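Undergrad: starting from these lines, generate the structure:
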Amino acid sequence: MKPRPKFLLEVKASSRVDVFSERERRINLSYEPRQKFPWRFLGSFLPFLILPVFVWGPVLAPVGGGTLAQTSEQERAALEDELEELEKQMQEYEATIAEYRRQGSSLQGEISILEAQIKKISTQIQAITLALQKLSGDIQITTSRIVDVEQEINVNKNALGILIRKVDENDKKGLVEILLENPELSDFFGSVNDLMVVQDSLNASLERLIELKGELITQKEILALEKSDVEALRAYQVQQRQAVDLTQSEKEELLRITKGNESTYQGLLSATAARAAQIRNRLFELLGGGQLSFGQAYELAKIAERTTGVRAALVLAVLDRESALGRNVGKCSYETAMHPTRDIPAFLQITKELGLDPESTQVSCPNADGVYGGAMGPAQFLPSTWMLYKNSIAAATGNRPPSPWRNQDAFVATGLYLRDAGATSSELMAAAKYYCGSNWQRWVCTNVYGQGVVDRAAQFEEDIEVLESA
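TA: Predicted structure coming up:
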């Protein structure tokens, strides 16, 4: 099954844009007068024939002018080159860490791993700083583009109003008045042609206005995504700085306890049973709210792994609240949070099948930029996406109907989505798709959300190895 984006970003159309606000009567663009005839000489139509040239011409110039736009593109290219170089460095540090781990457990190896992790995280912070600069420039360009589109919409609305009024005025003229105003037959036929041009212009203006409105909605959606990316990057930057401090503290603590003695370090490793008990009883915070012990979460993740082939550590990393970087999973009513046509009908069907009261069943909230919420339970599936996986979840768990708020069903649902998103070939890509849907190729989705989940999965894998060996 082709994965459907789990979090679909929707932007509400602005109620301020009313294409027909100046129209007082219905206009039939294909209307052909039978008893009434058009009037006006060619000269009276000249301003309105020239107007569309300005309306439909290339209104939108490059933001900031040609030289400034070129400079912006050069800066963007330079930032992308720097980001690419930093990404290569991060991959090299990751390879170094993996090599040290393959060499087996030793004090010097553990210290080397911690040092490589510190360098990797420091490089990530540099990359995030560059990405923030790049996004800030993108947001300025998008904001200017939105202003330009809004101005063009206003120009088109004004032109449309003038054209509609002129057609309406002509339509009210009687036969005698038309004949008096057109003493020459050639003037009459010239006016007929002029009116046909005006009606064609009116039709084209309507089409352009609809096109511009759609373009404005798209630009606002892009701006909302960019703003969300900046907020996520800033949160991740703070998190990574804390990770550097924590890793450095771990290194110092390890040296303090062992005092550089290999035998002491090996003695610490031998205390597996005690460490396993500590890991098993540790609290695991679920993404969509709630908590359970890590041992219980691991057992559920193993069920998902057996069902889908996606490793348990990745399922745990996706469902772990820490990997969500503060995404809004607040408590809201479906009526104010969900997409009205895509998700509300599915939500009402789900709650009906489960015997739940939809009014008291809370879901994730929308954000301030008009992006719909409505995600449900620990796996944070939208209702429309849950309906796509409902039968597969039921077949795997035996729960009929499955519930987004039941942990077992949520864990299996996460595994199924990750499998369909390509987790068996690329865990980074699957994690990015889980968080960003069809927009997963954005830098913040792959290098922040996706990489954060993969790193978290590596930490959980170490814990799982301890549990399995205890």
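
Undergrad: residue ranges with poor pLDDT in the stretch 301-450 of the chain?
TA: By pLDDT under 70, the low-scoring segments of the stretch 301-450 of the chain are 325-330, 368-370.

Undergrad: okay, helices next: where are they in it?
TA: Secondary structure of the stretch 301-450 of the chain by DSSP state H, counting those that start in this stretch: the helices cover 312-319, 334-337, 344-354, 383-397, 407-420, 427-436, 443.

Undergrad: these: which one's closest to Glu87?
TA: Go through the helices of the stretch 301-450 of the chain one by one with C-beta to C-beta and the one that ends up closest to Glu87 is helix 443, at 9.4 Å. C-beta coordinates here come from the backbone N, C-alpha and C atoms, glycine included.

Undergrad: domain map for this protein?
TA: Under the assignment automatic domain parsing, the domains of the chain span 42-258, 274-469.

Undergrad: endpoints of the shortest one, how far apart?
TA: Right, the one you point to is domain 274-469. One end of domain 274-469 to the other measures 12 Å (C-alpha to C-alpha, to the nearest Å).

Undergrad: for the domains of the chain, which one ends up most surrounded?
TA: For the domains of the chain, the stretch with the most neighbours on average is domain 274-469, a mean of 19; neighbours defined as mean count of other C-beta atoms under 10 Å.

Undergrad: ok so, going back, now the helices of the stretch 301-450 of the chain as a markdown table including distance to Glu285?
TA: Below are the helices of the stretch 301-450 of the chain laid out as a markdown table (distance: least, C-beta to C-beta, whole Å):
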| stretch | distance to Glu285 |
| --- | --- |
| helix 312-319 | 9 |
| helix 334-337 | 22 |
| helix 344-354 | 24 |
| helix 383-397 | 22 |
| helix 407-420 | 13 |
| helix 427-436 | 17 |
| helix 443 | 27 |
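
Undergrad: contacts for stretch 103-121, please.
TA: Contact partners of stretch 103-121, identified using C-beta atoms under 8 Å, 6 or more residues apart in numbering, comprise 90, 93-94, 96-97, 100-101, 240, 243-244, 247-248, 250-251, 254-255, 258, 260-262, 265-266, 269.

Undergrad: and these, which of them are in helices?
TA: Using DSSP state H, the subset of the contacts of stretch 103-121 located in helices is 90, 93-94, 96-97, 100-101, 240, 243-244, 247-248, 250-251, 254-255, 258, 262, 265-266, 269.

Undergrad: need the contact list for Leu286.
TA: Applying C-beta under 8 Å, 6+ apart, we find Leu286 in contact with 292, 319-321, 378, 407, 410.

Undergrad: my bad, should have said Glu285
TA: Listed by C-beta under 8 Å, 6+ apart, the contact set of Glu285 reads 291, 320-322.

Undergrad: now do Thr247
TA: 114, 117-118, 121.

Undergrad: the helix or strand harbouring Thr123 versus helix 262-270: what angle between them?
TA: Secondary-structure assignment from DSSP states H and E places Thr123 in helix 107-171. Counting by axes from the mean of the first three to the mean of the last three C-alpha atoms, to 10 degrees, helix 107-171 lies at 50 degrees to helix 262-270.
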